[in-house]
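Colleague: Attaching a predicted model along with its sequence, questions to come.
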Amino acid sequence: MSFNISFDKLINLLKFDQYDPLIFSTSLFLILFTIFLAVYNLLGKNKNARIFLIIIFSLYFYYKAAGVYSVILIVSALANFLFGKWIAITENFTKKRLVLILALVVNIGILGYFKYTNFILQIISDIRSTQIEPLEIFLPIGISFFTFKSLSYVFDIYFDTMKPTNSLRDFCLYVFFFPNILAGPIDRASAFIPQIDNEPYLTKEDIGKALFLIMAGLLKKVVIADYISINFVDRVFDFPLRYTGVENLLAVYGYALQIYCDFSGYSDMAIGIALLMGFRLMDNFNSPFKAWSIAEFWRRWHISLSKWLLDYLFKPVQLTLRRWRIFANIIALLTTFLICGLWHDAGWNYILWGAIHGFMMSFALIIAKPKNKLYSALKIKDTKILKFFSVIITFHLVAVSFLVFKSRDLQTVSDIFSQIFNFYHGEVFEQFVVKLPVIFGLMVLGYIFHFLPVKVEIRVQKIITAMPFYGQAILLALVIWLAAQFKSADITPFIYFQF
């Protein structure tokens, strides 16, 4: 028996390809991570070797996504390590603040050049009514995430909530760490760096949880998000006038589910993969569509970003304007969410999406006292029925905001609303269920699983934990096989990779 191995194809497979990053749902990652994890465990108690192995693998992982632009990641880590040191040894408050401003200029400057240069040029072009050719700028994947990770370290030292690490190696491990470098969670250095010295001991419960998260993430991303995106949601959003109002409405619900399953699926896999190495990352999602208010939604959605914005943007702005009382909160909210929208990407739809959430949060703040007085006068209590309707209303507000987030322009938003209100055709729903049973079934299952009680998830984790090793291996293999059946010929990148 002979094996014909094309080394040229193998080398090309391992080289950088901007259209083929090393994402968790690919077979190449599965193979490389299996090899990595085997070597990692063989190194045992040799902490230095394990750390350098993670750093090397993380750099390769990012190289596969960004190519030569991986240098930016290295420069960012070195610069912020030095900024942290500089701030810590500077006793004069004015000089300390100047160092912080310099760190902000460097970090935001790098992020701004790659992410917003062409957007700014387009604005200038529109104002002057002249044609300015966009620059050929490659946007390194995950630059928003590792920039915010690094800045959180600098901010924490400036606010004296943590001491700087003396180890450049440990800081690089924090910044480079491959599970969360491309799309979060945006972990804090104060929580991550102390774990580096710990022995990578895993309990049976840890292994069960890690496998559960990896399998859940694969099912969310590949089976639900990718499938309904390629086969339904994208088609409707590209040409909404070709579809009835029923189909447009289902596409709005479908996109809300898609972006949740895509992003939370990635986070689940990232947390599970990190846990297999003995590192515990923060939770990033907590059934966000169960929220009964927009504020509650942001406590459940992209939790690491929400906490980052709360600690490093909202609170400083609020504190600066505290004499204005409620107006300070409103200005802080609007500022925070406008920047939140712009952080996601350079586009007016993202800015509008952020403004919508800022407005909804501000409106809720303004009416909070009158609403409570009205409830008290009418003797309306916070019952389960009231909370149920609050959840329904909040979900639809979020879904509509995601419609703006997804759409290329306001005309698309207008067309979708026009079809829903003027060309509904309810009879098409039955045809949709009959002709697209897999799409409809996945959407129904996706929402059912999302709204299941937390105790069901805990129960499933316990079942996986109680399985023998071979049982866990078979279950994982079945999930991978199922994901492979749903996977399209073209790999669909995670939505948040573009941010």
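Modeller: Yes, it's here. Numbering: from 1, shown residues only.
Colleague: Contacts for the helix or strand where A473 lies, please.
Modeller: Using DSSP states H and E, A473 sits in helix 469-486. Helix 469-486 is contacted from outside by 25, 30, 207-208, 211, 214-215, 218-219, 222-223, 226-227, 464, 467, using CB atoms under 8 Å, 6 or more residues apart in numbering. In this view, the C-beta of every residue, glycine as well, is placed from N, C-alpha and C.
Colleague: Go again with 6 Å.
Modeller: For helix 469-486, the surrounding residues in contact (CB atoms under 6 Å, 6 or more residues apart in numbering) are 211, 215, 218, 222-223, 227.
Colleague: In this protein, where is pLDDT below threshold?
Modeller: Scanning the chain with the threshold set as pLDDT under 70 gives 1-6, 488-499.
Colleague: Break it into its domains for me.
Modeller: 16-197, 204-498 (automatic domain parsing).
Colleague: of all those domains, which lies closest to K9?
Modeller: domain 16-197 (12.2 Å; CB to CB).
Colleague: Give me the distance from that closest one to the chain's centre.
Modeller: Per CA atoms, centre = their mean, to the nearest Å, the displacement of domain 16-197 from the mean C-alpha position of its chain is 15 Å.
Colleague: check contacts around V175.
Modeller: 77, 146, 150.
Colleague: repeat that with 8 Å
Modeller: Going by CB under 8 Å, 6+ apart, the list of residues near V175 reads 73, 76-77, 80, 146, 149-150, 181.
Colleague: what does C261 give?
Modeller: Taking CB under 8 Å, 6+ apart, one finds 220-221, 224-225, 446 in contact with C261.
Colleague: and if you look at S152?
Modeller: S152 touches 186, 188-189, 308, 312, counting by CB under 8 Å, 6+ apart.
Colleague: In which helix or strand does it reside?
Modeller: If you go by DSSP H and E, S152 is part of helix 143-158.
Colleague: so the residue lying closest to V233 once chain neighbours are set aside is in which element?
Modeller: Nearest non-adjacent residue to V233, counting by CB to CB, 6 or more residues apart in numbering: G254, 4.5 Å away. Using DSSP H and E, G254 sits in helix 245-276.
Colleague: just checking, next helix/strand downstream of that helix?
Modeller: Counting by DSSP H and E, the element after helix 245-276 in chain order, helix or strand, is helix 294-300.
Colleague: packing partners for that next one?
Modeller: The helices and strands touching helix 294-300, judged by 3 or more CB pairs under 8 Å, 6 or more residues apart in numbering; DSSP states H and E, are helix 348-377, helix 384-406.
Colleague: How far away from the center of its chain is that helix?
Modeller: Distance, centroid of helix 294-300 to centroid of chain: 15 Å (CA atoms, centre = their mean).
Colleague: Tell me which residues are up against that helix.
Modeller: Counting by CB under 8 Å, 6+ apart, 285-288, 290-291, 306, 357, 360-361, 364, 394, 397-398 sit against helix 294-300.
Colleague: returning to what we had before: and of the helices and strands packed on helix 294-300, who's closest to L135?
Modeller: Going by CB to CB, the one of these nearest L135 is helix 348-377, 19.4 Å.
Colleague: Does G426 touch L249 like I think?
Modeller: No. The criterion here is CB atoms under 8 Å, and G426 misses it with L249 at 10.1 Å.
Colleague: the more surrounded of these two?
Modeller: Legend: neighbour count by other CB atoms under 10 Å for G426 and L249, higher for L249 (20 against 9).
Colleague: Who are the contact partners of that one?
Modeller: L249 makes contacts with 420, 424, as judged by CB under 8 Å, 6+ apart.
Colleague: where does it sit relative to I259, distance-wise?
Modeller: 17 Å (CB to CB, to the nearest Å).
Colleague: can you check V460 too?
Modeller: 24 Å.
Colleague: How about F176?
Modeller: Per CB to CB, F176 is found 27 Å from I259.
Colleague: So these two - more neighbours on which side?
Modeller: For the pair F176 and I259, the greater number of neighbours falls to F176 (22 against 19), based on other CB under 10 Å.
Colleague: could you list every residue that touches S293?
Modeller: Taking CB under 8 Å, 6+ apart, one finds 364, 390, 394 in contact with S293.
Colleague: Looking at those residues, which is nearest I141?
Modeller: Of all these, I141 sits closest to T394, with 31.5 Å by CB to CB.
Colleague: what's the burial count for the closest residue to the closest one other than its chain neighbours?
Modeller: If the residues on either side of it in the chain are set aside, T394 comes closest to A291, at 5.3 Å by CB to CB, 6+ apart. Using other CB under 10 Å, A291 is surrounded by 21 other residues.
Colleague: Kindly report the same for R323.
Modeller: 7.
Colleague: same question, I132
Modeller: 14.
Colleague: Spell out the secondary structure type for it.
Modeller: coil (DSSP: H, G, I helix; E, B strand; the rest coil).
Colleague: Look up how far F119 lies from the residue nearest to it when sequence neighbours are not counted.
Modeller: Spatially, and ignoring its direct neighbours in sequence, I132 is nearest to S125 (4.1 Å; CB to CB, 6+ apart). S125 sits 11 Å away from F119, going by CB to CB.
Colleague: before we move on, what about T320?
Modeller: According to CB to CB, T320 stands 27 Å off from F119.
Colleague: Comparing those two, which shows the higher neighbour count?
Modeller: With neighbours defined as other CB under 10 Å, T320 and F119 compare such that F119 has more, 18 against 12.
Colleague: Apart from its chain neighbours, what residue comes closest to that one?
Modeller: A346 (3.4 Å).
Colleague: Ok, I351 next?
Modeller: In space, and not counting its chain neighbours, I351 is closest to G341: 4.7 Å by CB to CB, 6+ apart.
Colleague: Pull out the buried positions in the helix or strand where that neighbour lies.
Modeller: Using DSSP H and E, G341 sits in helix 326-344. For helix 326-344, burial by neighbour count (16 or more other CB atoms under 10 Å) applies to 328-344.
Colleague: Stretch 385-403 now?
Modeller: Judged by neighbour count using 16+ other CB under 10 Å, the buried positions of stretch 385-403 are 391, 394-395, 397-403.
Colleague: same check, this time on stretch 361-375
Modeller: Buried residues in stretch 361-375 (16+ other CB under 10 Å): 361-362.
Colleague: again with stretch 184-196
Modeller: 184-189, 192-193, 195-196.
Colleague: Secondary structure and distance to Y350 added to those residues, as CSV?
Modeller: Shown next, in CSV, are the buried residues of stretch 184-196 (DSSP: H, G, I helix; E, B strand; the rest coil; distance: CB to CB, whole Å):
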residue, secondary structure, distance to Y350
G184, coil, 17
P185, coil, 20
I186, coil, 18
D187, coil, 24
R188, coil, 25
A189, helix, 27
F192, helix, 28
I193, helix, 32
Q195, helix, 34
I196, helix, 35
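Colleague: ok, so of the residues you listed, who is nearest F451?
Modeller: Out of the buried residues of stretch 184-196, the member with the shortest distance to F451 (by CB to CB) is P185, at 22.8 Å.
Colleague: any idea how far D206 is from N198?
Modeller: D206 is 12 Å from N198, by CB to CB.
Colleague: and the two? which has more neighbours close in?
Modeller: D206 (16 against 11).
Colleague: from what I can see that one touches L275, true?
Modeller: Yes. Counting by CB under 8 Å, L275 is a contact partner of D206 at 5.8 Å.
Colleague: picking up where we left off before, how far out from the middle of the chain is the helix holding A473?
Modeller: Put simply, helix 469-486 sits 25 Å off its chain's centre (CA atoms, centre = their mean).
Colleague: what about the residue nearest to I132, which helix or strand?
Modeller: helix 93-128.
Colleague: Check which residues of that helix are buried.
Modeller: 96, 99-100, 103, 106-107, 110-111, 114-116, 118-119.
Colleague: do stretch 293-306 as well
Modeller: So, applying 16+ other CB under 10 Å, buried residues of stretch 293-306: 293-298, 300-306.
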